[in-house]
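# Let's see this in three dimensions:
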Amino acid sequence: MLIGYARVSKADGSQSLDLQRDALETAGVDEVNVYHDLASGVRDDRPGLDSCLRALRKDDVLVVWKLDRLGRNLAHLVNTVQDLSARGVGLRVLAGDGAQIDTTTAAGRLVFGIFAALAEFERELIRERTVAGLEAARARGRKGGRKFALSKAQVRLAQAAMAHRDTSVSELCRELGIRPVTLYRYVGPQGQLREQGQKVLGS
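As a prediction, the model looks like this:
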């Protein structure tokens, strides 16, 4: 099944979803299967995207007009698509610089692999700078390191909650006292453990 997602940055009526909806319909997406948000791409709370990701099932294809409609940044985009791939869900981009991406094809997977490599390179640079900064701080007698935002019990709660389709991500985050971007560092949309969650439960 084809599932569409559309987004415009302003909710004041100055921007319309019509262009994206028309493009998705032309691509074969049924109108009832289009999710949308009226919010800036940098915002963490995008209920339309959360609902869209939850609705996707194995062999479905997520269709977006342009790549920037989906991801806040390269790292977020890569994580999102990797999660989709792990669930057997494809991604198809209709227009813009990412129009060559269709992860249901070999060529599209190759292009996205380049994106993933760039994101990993960016993460390595950040990691190297962080390690260098911590070593410099230790040399001056200071200890550093980020504390975990969630406890073991909270990670297990988040896992159980996210495994249910009717869970509201925004309500769960309010209960945990965190933002959605933080939640997704610990667990994925289906409740699967991510790196930070594994570190907490393994500590």
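
# going forward, measure contacts between C-alpha atoms and count neighbours the same way
Noted.

# so what's Ser9 up against?
Shown in contact with Ser9 (CA atoms under 8 Å, 6 or more residues apart in numbering): Gln15, Leu38, Ala39, Ser40, Gly41.

# Keep only those of these that are in strands.
Judged by DSSP state E, strands contain the following of the contacts of Ser9: Leu38.

# Could you say which helix or strand holds Ile3?
Ile3 belongs to strand 2-8 when elements are defined using DSSP states H and E.

# That strand - contacts with which helices or strands?
If contacts are counted by 3 or more CA pairs under 8 Å, 6 or more residues apart in numbering; DSSP states H and E, strand 2-8 sits against helix 18-26, strand 34-38, helix 47-55, strand 61-64.

# Helices along the chain, start to end?
Along the chain, counting by DSSP state H, helices occupy 18-26, 47-55, 74-86, 106-139, 152-162, 169-176, 180-186, 195-202.

# closest to Ala6 out of the ones you listed?
Closest approach to Ala6 among the helices of the chain (CA to CA): helix 18-26, 6.1 Å.

# buried sites along the closest one?
Gln20, Arg21, Ala23, Leu24 (16 or more other CA atoms under 10 Å).

# can I get the CA coordinates of stretch 49-68 in CSV?
Extracted as CSV, the C-alpha positions of stretch 49-68 are listed here (Å, rounded to 0.1, in the frame of the first residue of the first chain):
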residue,chain,number,x,y,z
LEU,A,49,4.2,12.2,10.9
ASP,A,50,4.0,10.1,14.1
SER,A,51,0.6,8.7,13.0
CYS,A,52,1.9,8.1,9.5
LEU,A,53,4.9,6.1,10.8
ARG,A,54,2.7,4.1,13.1
ALA,A,55,0.3,3.3,10.2
LEU,A,56,3.0,1.8,7.9
ARG,A,57,3.2,-1.9,7.7
LYS,A,58,5.6,-4.4,6.0
ASP,A,59,5.6,-3.9,2.2
ASP,A,60,4.0,-0.5,2.4
VAL,A,61,5.8,2.5,0.7
LEU,A,62,5.9,5.9,2.2
VAL,A,63,5.6,8.6,-0.5
VAL,A,64,6.6,12.2,0.0
TRP,A,65,6.7,15.1,-2.4
LYS,A,66,10.2,16.3,-1.5
LEU,A,67,12.8,14.9,0.9
ASP,A,68,12.7,18.0,3.2
